[in-house]
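S.K.: here is the input, now give the coordinates:
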Amino acid sequence: MKELIGEFFVAMNIICNYNYIRICYIEGWLFPAPNTIWPYESVNDDTKGNAMNKNVKQLNHITRLSAYGALSLLISTTSMATTIGSDTNIKFSQTSAAMGGVGYVRPQDASASVFGNPATLTQLGSDTDFTFGALYANVDISGKGDGSDGLPTWKGDIETEKYLFPTIAIRQRMTDNFVLGGGLQVVSGLGADYRNSHPLSPTVTFITFGANVAAAYDLTPQTTVGASVTLAYSLLEIGLLPGTGIQETFGLRTGVGITHDLGPVMVSANYNSKLTLDFNQVTETTPGNFTDLTLEQPQEIIVGIATTDATSENFLVEANVIYKNWENARLYEDIWKDTYTFQLGGQYNLTNKLKLRAGYSYTTDLLKENGLGNSVGKLGSLAVGGATVPISPGVVQLVQATLADPLWNHNATAGLGYDLTDTITADLNIGYGWGSDTNIGANRVETAVFTGGAGLTWEF
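M.R.: The predicted structure follows:
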């Protein structure tokens, strides 16, 4: 719990106090120095604990309320795996999570709009709306290796399997044609720990918080354009224990989008640039020597189509296609290939207060199988036990099987929304992701994930 508190305060403080983050890192009570065997240690020193409480009280009122509200929901570890590689997209939106991840054309809450297609912001039905929620994920991954690749045999389950992710977003109408939005959520990450399952103890803790600012403008009654900027704060630990150390960095991503109402249907398209994250001295490649690593979240193109109220006021159907360019993203280019995700979701107004939702998505195979090289993210070796392990295609396959294993192709979801009052709506969702057992060289991996979430939306 303490490690989650530390990381979430860091994310909230990006907006209001950058120096506070740096001081915490230097003092060592929030993040230990590089080369630490395990990146998070319990804080037992009362003085340091009191210092943290004192500094937290210096947050501005709005940020403090948001942080405390989200912290009340956090229960487990810090990284994740998702159904679209290491990106979350809008699957943390409580309405989109119930509808197979759709929401790039006609989003049903502020979170899907702010973190999806920015052009949808003007679909806000009031002057202001605010969404707060969280998504729980239980990841079930087990694997084994027969040693035919020259590496040690292994068998076991992932040890970091339960996650909870908060999301906060707000939209504000400035004029009849212009709307601003902003929000904070985890936008990408990976998590795995095989220290008790594999003799080499591969591990990864990767989490990126995104603070989004977006704007949209109605060019005509039918056409809207939008743009977004994401300020990202990221933490990474990757490698073979104990030759790892957690490091931090910032990154910037931009996006543009458009929607056009054709009458019975609305169409949309949006583009997000790469998110480049440069980490210093993050992985021990030879005994005593730590190497820099650059990781890029890929550029993506998303197109969609959805029915409008002109077709039916009680029934909404939306379909999206998401293209992710992993083959042109540093580090991922060595282990993954480009993917397409096909999403279909629907919503039915059963009564004037109750909405029923369901959806399904399919993602093409992620793993790169041909042309595996002798490096991962420009790392040519890893240190373990005072020795150097050269990276070979067999080691790359081990990385694919243990550290980069969101291998489920299918995701089925359902949920509902209920108007508690004229201004407050509650949303619930559940989902299950699965894929076939995957053979990766000498390794075999079985994966599945269960998700469930809840959120509230206020309209003013």
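
S.K.: break down the stretch 301-450 of the chain into its strands, ranges please.
M.R.: Taking DSSP state E, counting those that start in this stretch to define them, one finds strands in the stretch 301-450 of the chain at 315-324, 339-349, 354-363, 381-384, 387-390, 410-419, 424-434, 438-440, 443-459.

S.K.: oh, I was asking about the stretch 101-250 of the chain
M.R.: Read by DSSP E, counting those that start in this stretch, the stretch 101-250 of the chain holds these strands, from start to end of the chain: 128-145, 154-157, 162-173, 178-193, 202-218, 223-240, 247-261.

S.K.: flag every buried residue along the third one.
M.R.: Neighbour-count burial for strand 162-173 flags 163-173 (criterion: 16 or more other CB atoms under 10 Å). C-beta coordinates here come from the backbone N, C-alpha and C atoms, glycine included.

S.K.: spatially nearest residue to I170 (excluding sequence neighbours)?
M.R.: Closest residue to I170 apart from its sequence neighbours, by CB to CB, 6 or more residues apart in numbering: F130 at 4.7 Å.

S.K.: I figured G147 was touching K155, is that so?
M.R.: No. At 10.8 Å, G147 does not count as touching K155 under the criterion of CB atoms under 8 Å.

S.K.: which residue ranges make up the domains of the protein?
M.R.: Under the assignment automatic domain parsing, the domains of the chain span 1-72, 79-459.

S.K.: show me what the mean pLDDT comes to for the longest one.
M.R.: The reference is to domain 79-459. Per-residue confidence for domain 79-459 averages out to 90 on the pLDDT scale.

S.K.: tell me how far it lies from the chain's centre.
M.R.: On the basis of CA atoms, centre = their mean, to the nearest Å, domain 79-459 is displaced by 4 Å from the centre of the chain it belongs to.

S.K.: figure out which of the strands of the stretch 101-250 of the chain is closest to V384.
M.R.: strand 223-240 (4.5 Å; CB to CB).

S.K.: just to revisit the earlier point, distance to G100 added to the buried residues of strand 162-173, as TSV?
M.R.: Supplementary listing: the buried residues of strand 162-173 in TSV, determined by distance: CB to CB, whole Å:
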residue	distance to G100
Y163	20
L164	21
F165	18
P166	22
T167	17
I168	23
A169	20
I170	25
R171	23
Q172	28
R173	29
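
S.K.: neighbours of the residue nearest to I170, how many?
M.R.: Neighbour count for F130, taken as other CB atoms under 10 Å: 18.

S.K.: do I have it right that it meets T167?
M.R.: No. Distance between F130 and T167: 11.5 Å, which falls outside the contact criterion (CB under 8 Å).

S.K.: buried sites along stretch 259-266?
M.R.: For stretch 259-266, by 16+ other CB under 10 Å, it's 259-261, 265-266.

S.K.: now tabulate those residues in CSV and tack on distance to V445.
M.R.: CSV is the format used below for these (distance: CB to CB, whole Å):
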residue, distance to V445
T259, 39
H260, 42
D261, 44
V265, 40
M266, 40
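
S.K.: right, and the pair among these with maximum separation?
M.R.: T259 and V265 (11.1 Å).

S.K.: which residues do the two both contact?
M.R.: Common contacts of T259 and V265 (CB atoms under 8 Å, 6 or more residues apart in numbering): none found.

S.K.: still on that earlier bit, just put the strands of the stretch 301-450 of the chain in CSV and tack on distance to P199.
M.R.: What follows is the strands of the stretch 301-450 of the chain, written out as CSV (distance: least, CB to CB, whole Å):
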stretch, distance to P199
strand 315-324, 33
strand 339-349, 32
strand 354-363, 32
strand 381-384, 9
strand 387-390, 11
strand 410-419, 33
strand 424-434, 29
strand 438-440, 18
strand 443-459, 14
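
S.K.: what residues are up against the residue nearest to D129 when sequence neighbours are not counted?
M.R.: When the adjacent residues along the chain are set aside, D129 lies closest to E459, with 4.7 Å between them (CB to CB, 6+ apart). E459 makes contact with 125-126, 128-129, 423-425 under the criterion CB under 8 Å, 6+ apart.

S.K.: ok, A358 next?
M.R.: Residues in contact with A358 (CB under 8 Å, 6+ apart) are 98-100, 345-346, 413-415.

S.K.: go ahead and confirm L275 touches V229.
M.R.: No. Checked against CB under 8 Å, the pair L275 and V229 is beyond contact range at 11.3 Å.
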